[in-house]
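Undergrad: Return atomic coordinates for the entry below.
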Amino acid sequence: LAVIARAKKTKSLPIEQELSDQIKQLYGLLDCSSLGDRGVEIASDLLYTHPALAVELVQECVGKDGSEDRLDLAFASLSFKALLEKGEGAAGMDSTQQTLRAKIKDPKVQKFMDTISLFFGDYTAARVIAEVEKWEKPSDRIFALRSWTVTNAKRNDAAAVVEYALSTILKTTTYTANAKVYKELALPLVYIPDHEQVRAIIGRLDGLKGTIESAGPTVEFVKLQAKLAEAEARYDKQATSDRLENLFFEVDALTEPATKLAALAVLARALKVVDPDKQFEPHGGIHSAVIGGWKIVVDEILTKTADHYEAVRPAIRALAQSDTKIALEVLAKLNTAPNREAALVYFVQAVAGDPATDATFAAIDEAYGKLTSISKRAEATRVALRGLLRQKRDLGAFLPKIIALRKWVKDIPSAEEKCQALCMYS
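TA: Got it, this is the predicted structure:
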């Protein structure tokens, strides 16, 4: 009933008094002390329509037998969920989130939630910079700034945060940023409207290239270079081509197969984004070289590695994002049925999280059709719907295809999870 009420609330539908009364009546019959972590899950559904009951349930389930730390973490989890729903425009979540935040006693958890609010709240770049300047530790400031850029990459004022973060890193001798940090700071570059600002920031990052590459991890460095190429493609195709060609030579020199496969997959995706018509191909054959390198590394991994799934998993997302057909061909070669099925579910998750196209639904459908395990089919259904739901505002043209996925819900053995899946359609 709480799941149904939540679905109605998120769709701005009225909550019948009868439904509300039934929830309160059933809550009164619960033996909260026996629910444990299950109580927190129920509270996350009650949060939408009966926040006071949600708070009480967490206190009863976690507070009496658990430590104060566990109670703080439970409240933090619910507070974070309320914050996300507030960002989606859910009514009443602002006061609910503040109430939950006030229940947290540990100063460290409080600060963490305040940090989270920076990147999920509607803070301008100037306000974020002003807030983090009050913090004593540069490492905390850098963490908050990079997290903000990940969450707010499309904001027009993101360049100010990127510039401030880079300056903070360079001034902080006690902090060493790795390639992942720089990659996250670079995410807004493909959206910043001022190309001269983008060019200047890329110039700063190129000046640090050797340092960033040495810090690693290798795949994160490749992702950074791919993102810079994507940003450059908006104003200088030749610079993009040169960057990706140099990147290919660096990737081709890698000796560890799993790392090389993941890096090649990232490079392939970047080429798909910046050169969909393959205009770079006549000038060096980079598209063919990447696909050829891919196939060689896959054969090496499948020949020399016992656990195919763990070896291929780091590359599945990038493989799926660059060429779903080749990705499925690779997954079909994994050595055991459990490995293949685990990889197919991860593939579905990756594809569903990307901007939807007709090819997206075709790839999801093909992967689902290859699954034989009921539990994996159920898992694939959940991750597909969850991924698509995150981009629901852009899915109007694909509504018939989304509705068609309802036939998969019958494979979900858990009644509650089946109900939650169906409620996504409400």
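Undergrad: drop to CA atoms for contacts and neighbour counts, all remaining ones
TA: Fine.
Undergrad: So residue 201 sits against residue 163, correct?
TA: Yes. Using C-alpha atoms under 8 Å, residue 201 is in contact with residue 163, at 7.1 Å.
Undergrad: which of the two has more neighbours?
TA: Taking other C-alpha atoms under 10 Å, residue 201 and residue 163 do not tie; residue 201 has more neighbours (19 against 15).
Undergrad: Who are the contact partners of that one?
TA: residue 163 (C-alpha atoms under 8 Å, 6 or more residues apart in numbering).
Undergrad: Let me see the mean pLDDT of the one helix or strand it maps to.
TA: Residue 201 is part of helix 195-207 when elements are defined by DSSP states H and E. Regarding helix 195-207, the rounded mean pLDDT is 95.
Undergrad: Also stretch 219-236?
TA: The model assigns stretch 219-236 a mean pLDDT of 95.
Undergrad: Packing partners of whichever strand or helix holds residue 165?
TA: Assigned by DSSP H and E, residue 165 belongs to helix 158-171. The contact analysis (3 or more C-alpha pairs under 8 Å, 6 or more residues apart in numbering; DSSP states H and E) places helix 158-171 against helix 125-132, helix 138-151, helix 179-186, helix 195-207.
Undergrad: Just say which of those helices is most tucked in.
TA: Of these, the one with the most neighbours on average (mean count of other C-alpha atoms under 10 Å) is helix 179-186, at a mean of 23.
Undergrad: Only C-alpha atoms, please: export it in CSV.
TA: Provided in CSV are the C-alpha atoms of helix 179-186 (Å, rounded to 0.1, in the frame of the first residue of the first chain):
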residue,chain,number,x,y,z
ALA,A,179,42.8,11.2,-13.5
LYS,A,180,39.3,10.5,-12.2
VAL,A,181,39.2,13.8,-10.4
TYR,A,182,40.2,15.7,-13.5
LYS,A,183,37.8,13.7,-15.6
GLU,A,184,34.9,14.6,-13.4
LEU,A,185,35.9,18.3,-13.4
ALA,A,186,36.0,18.1,-17.2
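Undergrad: what's next to it, contact-wise?
TA: Residues outside helix 179-186 that contact it (C-alpha under 8 Å, 6+ apart) are 145-147, 149-150, 162, 165, 212-213, 215-218, 220-221, 223-224, 227-228.
Undergrad: quick one: that helix to chain centroid distance?
TA: 15 Å (C-alpha atoms, centre = their mean, to the nearest Å).
Undergrad: quick one: residue 274 and residue 228, what's the gap?
TA: Distance, residue 274 to residue 228, by C-alpha to C-alpha, to the nearest Å: 11 Å.
Undergrad: which of these two has more neighbours?
TA: Shown here are residue 274 and residue 228; by other C-alpha under 10 Å, residue 228 has more neighbours (26 against 21).
Undergrad: still on that earlier bit, can you report the mean pLDDT over the residues of the helix holding residue 165?
TA: On average, helix 158-171 scores 92.
Undergrad: got the angle between it and helix 195-207?
TA: Here helix 158-171 points in a direction 20 degrees away from that of helix 195-207 (axes from the mean of the first three to the mean of the last three C-alpha atoms, to 10 degrees).
Undergrad: which stretches of the stretch 1-150 of the chain aren't confidently modelled?
TA: In the predicted model of the stretch 1-150 of the chain, residues 7-13, 33-37, 47, 62-68, 80-94, 111-112, 114-122 satisfy pLDDT under 70.
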